[in-house]
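Q: Fold the stuff below for me.
(chains A and B)
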There are 2 protein chains.
Amino acid sequence: MNPLDHAEFRRQGHMVIDFLADYYQNINNYPVRSEVNPGYLVERLPDCAPLLPESIESILKDVDNDIIPGITHWQSPNFFAYFASSGSTASFLGEMLINGFNVIGFNWLSSPAATELEMVVMNWLSKLLQLPRSFSFSNDGDGGGVLLGTTCEAIICTLLAAKEKMLDKIGRTNSEKLVVYCSDQTHVGLQKAAKIVGIKPENVRKVLTTKSTNFKLTPESLNEVILRDVKAGLIPIYLCATVGTTSTTTVDPLAPLCELSSKYNMWVHVDAAYAGSACICPEFRHFLDGVEGASSFSFNAHKWLLTNLACCCLWVKDKSALTKPLSTNSEYLRNKATESGQVVDYKDWQITLTRRFQALKLWMVLRNYGVTGLRAFIRNHVKMAKNFEGLVTMDSRFEIVVPRYFSVVCFRVSPSSINEHHGKNYEANEFNHKLLESINATGLVYMTHSVVGGVYFIRFSVGATLTEDKHVQLAWELVQDQATSLLGTQTPKTASYSKLPEQMESML
Amino acid sequence: MNPLDHAEFRRQGHMVIDFLADYYQNINNYPVRSEVNPGYLVERLPDCAPLLPESIESILKDVDNDIIPGITHWQSPNFFAYFASSGSTASFLGEMLINGFNVIGFNWLSSPAATELEMVVMNWLSKLLQLPRSFSFSNDGDGGGVLLGTTCEAIICTLLAAKEKMLDKIGRTNSEKLVVYCSDQTHVGLQKAAKIVGIKPENVRKVLTTKSTNFKLTPESLNEVILRDVKAGLIPIYLCATVGTTSTTTVDPLAPLCELSSKYNMWVHVDAAYAGSACICPEFRHFLDGVEGASSFSFNAHKWLLTNLACCCLWVKDKSALTKPLSTNSEYLRNKATESGQVVDYKDWQITLTRRFQALKLWMVLRNYGVTGLRAFIRNHVKMAKNFEGLVTMDSRFEIVVPRYFSVVCFRVSPSSINEHHGKNYEANEFNHKLLESINATGLVYMTHSVVGGVYFIRFSVGATLTEDKHVQLAWELVQDQATSLLGTQTPKTASYSKLPEQMESML
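A: Below you'll find the predicted structure:
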């Protein structure tokens, strides 16, 4: 047995490429959200590993029969749930190379190309996002970027940096006094990160946001909370501001938040997990205005930049603050390059020691699609979301819950329509929950929900790579039909998707 | 532009399969350790991303010209450095499926197959390792397994669980008193983990080990340190015991260490990152004896179980202790399956929320090679290391520094040979360092070093998938030649590799 025999590798590799190409070709045939019941696979599979080898052919048959029914098809053009994971061929090929070379790039020496390509790609992306030069690797600066897996990791690493920096200054006995700020719209990853790095859970302030400011974190409300803490003898250390929140994709105002935080010497991390990708388009870049006042910035290329899972890009202004608490030294990794001080050892920029050659896939995405291709991809998604928003607006039974910023539309059947048309006296949240369930139960699309300010709504999130106008149109018709059936009314004659632009214009 | 067009996916996918098959076919043509200088790639590449798309063909040419020279070839049969990353075709195919489906399996609902296959595979592996039933998922138990990226993550998650469990009991104001134990041979990941989860760095006890016990952590020396701490009012919470340490692959005695730790109600984590894989062979299983007294156990399938990066398998006895501090809830992830309590949501078993469908690759490895194939793979590596050890033993200029347990041989030119043969009065450590450098400079092999008890030695670590007897033989001849050249002696006539078994037998 040679598990890396090149002839078998070639034969089996071609087989799986064809398997996956067929999958993409037929992806519309599957229900988008898996329809299996808990335990379905545990029941089907044997309870111990096979003693003797089984062929790839027979394993692939089982993938078809046993695995695919239990997959929710994130690559389906009809996937409108959560934030999408926008895979692409170039990124897939990059992953093939990553797995083919299978190098561990913990330090420069262990595979110089892995480190240097990452530095190059992070500088490319930094320019593309017009991040301030202080975030990039340069001969005269302290900044730099690193590829992590997820935003949770970016938050843990930067929060730890902020914590250690402050404790170095004020003494380690003060760790109980440290306070971390975010809004009630910030991703839950922050609370988890705080718990992991040993910030007291009661010292995580989720500042309230309201509909009146579209659920943005305002500097006024933040300042109020900080002042109260400072008066109580507590020490503010970290603010997580969000560009594109998970529920509604709202954007916190970076400039005033950074200005306020600087008064307290706080570390500001900007989490643009989803919306960061959009900011490669000049027309969306203004959402990052003020980022020059932040200490760190991250976004997930695996959400909306055609990069397969997982790929979070993090930049910091002060790399030594990041690497100080994360650095380790061990005799078995000692080497001349590290000791020369000429190289970056990325093991000291992240939680773990082991790391994959992630930069390859981002490099292939950037080169194979080019800046123009990536911008076109983003713009097309935003356009489709805008169209969907237009369709919602033109059906008077529905309402937009929060304004659309990027490619997510937050909508619901309005309480007045429910009261007017529906026999029973349905509560709006309950009705919309039921509507969403009936939409997803068709298997034709998958959308998810959220709640802000007590209002339950449906999130229509455009982001899957294969989504085209026709899928958005069909999704809307499905929403209408299900609403009609639940309301017991007729679907009103509104816009047809193809005539949408003129109709939307005439509404203005 | 359709970045997931199935026809282009097929065409380009086949192209990259051929590219990688060629790479494996020609892997011997490359120097094992990259020979580039710091900055080589930064200098070659443009300083911003291309505006217009470039073809995959031209990108692959650049991979050949720019990337491969900067790669250290971890898949080379002549890679004997660190611990290998043993990739395989089955695992590569699994990664293709993972990236092709590109699902995010944060909770059961988001892709039921990802969760359930992971549960199945973790139970398969648990049985294969003969872990106590209390570590497995079962209807009547509290155990279970999860796939993480690396051992660092396993340690962070279990250390956090231990910390929170203790603080829940004794009150949160005691966090400064918590103490963590390991030996001076434990992986540095533990120190990093302690810093991340907020254990005071001065409360991490690296108990001294000595040559007299082959650098094992002894219960006597551990107890001494614990007693001192307890007397001082500190609170022991966690011991990390190692099966197969990084420097010498020594094995801490689990049974007495667990027994001792239970007296103090400590969490014992067993880190078998490298050697865990060997324990699927009945003849090595005894190294895990006593694991039934531990709280958690982890090993890295990406080191020595033919699984591509990264893949760490972690089991715990008390899953609620693990998930309690790692759980998050957010409205946008609420769903019926979770609320039914019938499913596992793996987001609560790990640091991050996002997770890949890792189980697929392990499942394919286990099925495609079968238990017999995997055992044969491990045994063949151990046999080759044993042969190398025999060759070292038969050349009187060399000595084995620490007994071999698995597939790593720790050796050096003995101080007496250096004194006897070498003109200059070389210090042994310096000489062996120079020897290692001259071996690696040939580009024909790559080995690394470590130091224990002040002794610098060369680690000959067998673990690359493609390594065969002939590579081990050539590596040894290279070591001999370089030593001869540095010592200024002749290479003594010793064993030839083919006649090794008889010669080794005659020595007994």
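Q: count of neighbours near the residue of chain A found nearest chain B?
A: Of all residues in chain A, residue A:198 sits closest to chain B, with a separation of 2.3 Å (C-beta to the nearest C-beta). All C-beta spots, glycine's among them, are computed from the backbone N, C-alpha and C. For residue A:198, the number of neighbouring residues by other C-beta atoms under 10 Å in any protein chain shown comes to 20.
Q: Doesn't it belong to a strand?
A: No: secondary structure assignment (DSSP: H, G, I helix; E, B strand; the rest coil) places residue A:198 in coil, not in a strand.
Q: I'd assumed residue B:197 was in contact with it.
A: Yes: between residue A:198 and residue B:197 a contact is recorded at 6.0 Å, counting by C-beta atoms under 8 Å.
Q: returning to what we had before: who's in contact with the residue of chain A closest to chain B?
A: Counting by C-beta atoms under 8 Å, 6 or more residues apart in numbering or on different chains, residue A:198 makes contact with A:163, A:175, B:175, B:197-198.
Q: redo that, cut-off 7 Å
A: The contact partners of residue A:198, by C-beta atoms under 7 Å, 6 or more residues apart in numbering or on different chains, come to A:175, B:197-198.
Q: Let me have these in CSV, extended by distance to residue B:437 and pLDDT.
A: As requested, the contacts of residue A:198 are arranged in CSV below (distance: C-beta to C-beta, whole Å; pLDDT from 0 to 100):
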residue, distance to residue B:437, pLDDT
A:175, 44, 91
B:197, 38, 97
B:198, 40, 95
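Q: okay if I get those residues as JSON lines plus distance to residue B:136?
A: Listed next are those as JSON lines, based on distance: C-beta to C-beta, whole Å:
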{"residue": "A:175", "distance to residue B:136": "38"}
{"residue": "B:197", "distance to residue B:136": "26"}
{"residue": "B:198", "distance to residue B:136": "31"}
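Q: Show me which of the residues you listed is closest to residue A:264.
A: The shortest distance between residue A:264 and any of the contacts of residue A:198, using C-beta to C-beta, involves residue A:175 and amounts to 17.2 Å.
Q: Now do the closest one against residue B:175, distance only.
A: Per C-beta to C-beta, to the nearest Å, residue A:175 is found 8 Å from residue B:175.
Q: Repeat that for residue A:237.
A: Using C-beta to C-beta, residue A:237 is found at 17 Å from residue B:175.
Q: So between these two, which is more surrounded?
A: Neighbours per residue (other C-beta under 10 Å) separate residue A:237 from residue B:175, with residue A:237 holding more: 25 against 22.
Q: Count the neighbours of the closest residue to residue A:304 other than its chain neighbours for me.
A: By the measure of C-beta to C-beta, 6 or more residues apart in numbering or on different chains, the closest residue to residue A:304 outside its immediate chain neighbours is residue A:277, 3.9 Å from it. Residues lying near residue A:277 (other C-beta under 10 Å) number 31.
Q: And the one 5 residues further on, by the same measure?
A: Residue A:282 sits with 9 neighbouring residues when counted by other C-beta under 10 Å.
Q: Now do it, the pLDDT please.
A: Among the per-residue scores, residue A:282 shows a pLDDT of 98.
Q: now the helices for the stretch 301-450 of chain A?
A: Defined through DSSP state H, counting those that start in this stretch, the helices belonging to the stretch 301-450 of chain A, from first to last, are A:301-304, A:319-326, A:336-340, A:359-394, A:415-421, A:428-441.
Q: Of those, give the one that comes closest to residue B:151.
A: Ranking those by proximity to residue B:151 (C-beta to C-beta) places helix A:319-326 first, at 15.8 Å.
Q: the strands in chain A, which residues?
A: Using DSSP state E, the strands assigned to chain A run over residues A:79-80, A:144-148, A:178-183, A:204-207, A:235-242, A:267-271, A:296-300, A:312-316, A:398-402, A:408-413, A:446-452, A:455-461.
Q: CSV please, covering those and showing mean pLDDT and distance to residue A:255.
A: As requested, those are arranged in CSV below (pLDDT from 0 to 100; distance: least, C-beta to C-beta, whole Å):
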stretch, mean pLDDT, distance to residue A:255
strand A:79-80, 98, 32
strand A:144-148, 98, 22
strand A:178-183, 98, 16
strand A:204-207, 98, 17
strand A:235-242, 98, 10
strand A:267-271, 98, 11
strand A:296-300, 98, 14
strand A:312-316, 98, 18
strand A:398-402, 97, 22
strand A:408-413, 98, 24
strand A:446-452, 97, 24
strand A:455-461, 98, 27
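Q: what sits against residue A:48?
A: For residue A:48, the set of contacting residues under the criterion of C-beta under 7 Å, 6+ apart consists of B:124, B:127.
Q: I should have written residue A:347 there, sorry.
A: Each residue near residue A:347 by C-beta under 7 Å, 6+ apart is listed here: A:106-107, A:353, A:355.
Q: With residue A:459 instead?
A: Residue A:459 touches A:408, A:410, A:447-450, counting by C-beta under 7 Å, 6+ apart.
Q: quick check: mean pLDDT across stretch A:346-355?
A: Per-residue pLDDT values across stretch A:346-355 average out to 96.
Q: Need phi/psi at residue A:37.
A: As for residue A:37, its main-chain torsions (degrees, to the nearest 10) stand at phi -100, psi 150.
Q: correct me, but residue A:266 touches residue A:237?
A: Yes: taking contact to mean C-beta atoms under 7 Å, the distance of 5.9 Å between residue A:266 and residue A:237 places them in contact.
Q: Between the contacts of residue A:347, which sits nearest residue B:317?
A: Of the contacts of residue A:347, the one sitting nearest to residue B:317 (C-beta to C-beta) turns out to be residue A:353, at 25.9 Å.
Q: where does chain A have low pLDDT?
A: A:422-425, A:494-496, A:498-508 (pLDDT under 70).
Q: Quickly list the domain ranges of it.
A: As given by automatic domain parsing, the domain ranges for chain A are A:6-30+A:34-71, A:104-356, A:370-507.
Q: which one of those is the most hemmed in?
A: domain A:104-356 (a mean of 21; mean count of other C-beta atoms under 10 Å in any protein chain shown).
Q: end to end, how far does that domain reach?
A: Distance between the two ends of domain A:104-356: 6 Å, counting by C-alpha to C-alpha, to the nearest Å.
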